[in-house]
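Asker: test case, fold it:
(chains A and B)
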Number of protein chains: 2
Amino acid sequence: MKELQLFNAKPPEVREAIRKGELKAPTSGMCAGYAQANLVVLPQDLAFDFLLFCQRNPKPCPVLDVTDIGSYKPVLTATNADLRTDIPAYRIYEYGKLVGEVDNLLDIWRDDLVTFLLGCSFTFESGLLQGGIPVRHMEEGRNVPMYITNIQCKEAGKFRGPTVVSMRPIPYHQVIKAVQITARYPAVHGAPIHIGDPALIGIKDINKPEFGDPPIIKEGEVPVFWACGVTPQAVAMESKPPLMITHAPGHMFITDIKNEELAL
Amino acid sequence: MKELQLFNAKPPEVREAIRKGELKAPTSGMCAGYAQANLVVLPQDLAFDFLLFCQRNPKPCPVLDVTDIGSYKPVLTATNADLRTDIPAYRIYEYGKLVGEVDNLLDIWRDDLVTFLLGCSFTFESGLLQGGIPVRHMEEGRNVPMYITNIQCKEAGKFRGPTVVSMRPIPYHQVIKAVQITARYPAVHGAPIHIGDPALIGIKDINKPEFGDPPIIKEGEVPVFWACGVTPQAVAMESKPPLMITHAPGHMFITDIKNEELAL
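Answerer: Take a look at the predicted model:
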């Protein structure tokens, strides 16, 4: 499928193309209007702790859907999907270390795995654009800059670690509107968690993000920070579970849920 | 403490009086402005399934706080409380049957128990009153009428069962305002799930609620139905876990969270 086709395609078609191995690209710009999701897969014995971690830290880890133990079917967000195959690229972490990247989980899947889908900022970026607020990294075709902050997540069982934020520079006269728009979407990180001076949340150099590309901040723009779905990966590095599988950056799960269904 | 003192008291004082056995009454009307919560206690091996059940059914089961395995300290809602002692009366269910009511859980507590606190409608009733909308069962000093509907909750692991609703008759010209006010509080059941004809959600006789007192519906009033925190008890009856502990009806846990902190 061409770019414009992918933009207008419905989620089941695109998931099928990904499942068949015909489509291996990052999913940004696909299935306009539909929510995409971050993936976290963990063994059953860590599933309660992780779900509790998400409950206690809903801004970085907003839960959209969780499978029953051993199931790869997301019952709330895409009943006919298969989470072992419908994401273009997966990353395998063992004891906090990235040990591999795979196209699907068919050979890796086990009956004790539980799959979590967490909200993704693509939804609120679409809201910002519709509200006339520019999204710099999209304009520039770059990845959003992400930073590890000094804001510790609330611990839960074996899981602990820092909050990761994404940053978007916003013209000062549109900052409040950006808060209002993104606050409508608590299921995809919601309102920002910090506005202005990066040092106040432990960011030493705004030009050196831990993940993504360096920012371009123009005169009259304020850095605005949102809790970020990369937080579980930072938490995995610190908490070192024996096995944790995630999507590869930018290669998200495309749900059947419309962005507006997630709005207040 | 007298009624007016209890109304104006801070949650830690009232919880201490309950803990010492000096106060054994229903908690309605205590600690004005602070959120109260439903209690569910389950063994660790059912905790993931139940938390997942809540995630899939947030209107009847809005999670305010969950303890770590074996802990009786609610870390988000009242850090100095003890959930084994700070509720005036507890009910013990075994295999779905009520087998006893106790003043505290000190003799019953086990290291594999997990405690869930779920939002309670007292918070949004306070919002309705402040918005000039009468709350009939409070005016009459009765219990709210509650009904088992034909709306099945989404299953999760071993948990399944019907949605229980509470009903408040609202003057027809205030129904929309009642929706708007309660929609501000998703953490305490949020907006109603049905307005009008009870038969459409499987209620055969509005005058015969399954729980609480029969309603008084006046000319020009519309029955409005909200998802209800009694749902977990109906689910326990159907799912029959070996052990489940809840608060006794009306005897809630009083949190340190202000109602307005739960508002959007």
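Asker: tell me the phi and psi of A:Leu51?
Answerer: Phi and psi for A:Leu51, reported as degrees, to the nearest 10, are phi -60, psi -40.
Asker: likewise for A:Gly190?
Answerer: Backbone torsions of A:Gly190, given as degrees, to the nearest 10, read phi 70, psi -150.
Asker: who's in contact with it?
Answerer: Contact analysis of A:Gly190 by CB atoms under 8 Å, 6 or more residues apart in numbering or on different chains lists A:Lys59, A:Pro62, A:Phe124, A:Thr182, A:Ala183, A:Ala227. For glycine as for every other residue, the C-beta is placed from the backbone atoms N, C-alpha and C.
Asker: if I look at A:Pro215, how far off is A:Arg168?
Answerer: Relative to A:Arg168, A:Pro215 is positioned 8 Å away (CB to CB, to the nearest Å).
Asker: near chain B, which residues of chain A show up?
Answerer: By the rule CB under 8 Å from any CB of the partner chain, the part of chain A lying against chain B is A:44, A:47-48, A:51-52, A:55-56, A:63, A:66, A:68-69, A:75-76, A:114, A:154, A:156-157, A:264.
Asker: buried by neighbour count: which residues of stretch A:74-90 qualify?
Answerer: Across stretch A:74-90, burial judged by 16 or more other CB atoms under 10 Å in any protein chain shown covers A:74, A:76-78, A:81-90.
Asker: and the residue of the stretch 1-150 of chain A found nearest chain B, helix, strand or coil?
Answerer: Taking CB to the nearest CB, chain B has its nearest neighbour within the stretch 1-150 of chain A at A:Phe48, 4.1 Å off. Here A:Phe48 is recorded as helix under DSSP: H, G, I helix; E, B strand; the rest coil.
Asker: look at it and report its pLDDT.
Answerer: A:Phe48 carries a pLDDT score of 94 in this model.
Asker: so which of the contacts of A:Gly190 sit within strands?
Answerer: Per DSSP state E, strands hold the following members of the contacts of A:Gly190: A:Ala227.
Asker: out of the contacts of A:Gly190, who's the most crowded?
Answerer: Per-residue neighbour counts (other CB atoms under 10 Å in any protein chain shown) across the contacts of A:Gly190 peak at A:Phe124, which has 29 neighbours.
Asker: hmm, that one is touching A:Val179, no?
Answerer: No: A:Phe124 lies out of contact with A:Val179 (CB atoms under 8 Å); the separation is 11.0 Å.
Asker: could you list the low-pLDDT ranges of chain A?
Answerer: Scanning chain A for pLDDT under 70 picks out the ranges A:1.
Asker: dihedrals phi and psi, the residue of chain A positioned farthest from its centre?
Answerer: Going by CA atoms, centre = their mean, the residue of chain A most distant from its centre is A:Glu219, 28.9 Å out. For A:Glu219, the backbone dihedrals (degrees, to the nearest 10) come out as phi -50, psi 130.
Asker: mind listing the strands for chain A?
Answerer: So, for chain A - with DSSP E - the strands run A:34-43, A:63-66, A:90-94, A:97-102, A:113-119, A:146-152, A:162-171, A:194-195, A:221-227, A:244-247, A:253-258.
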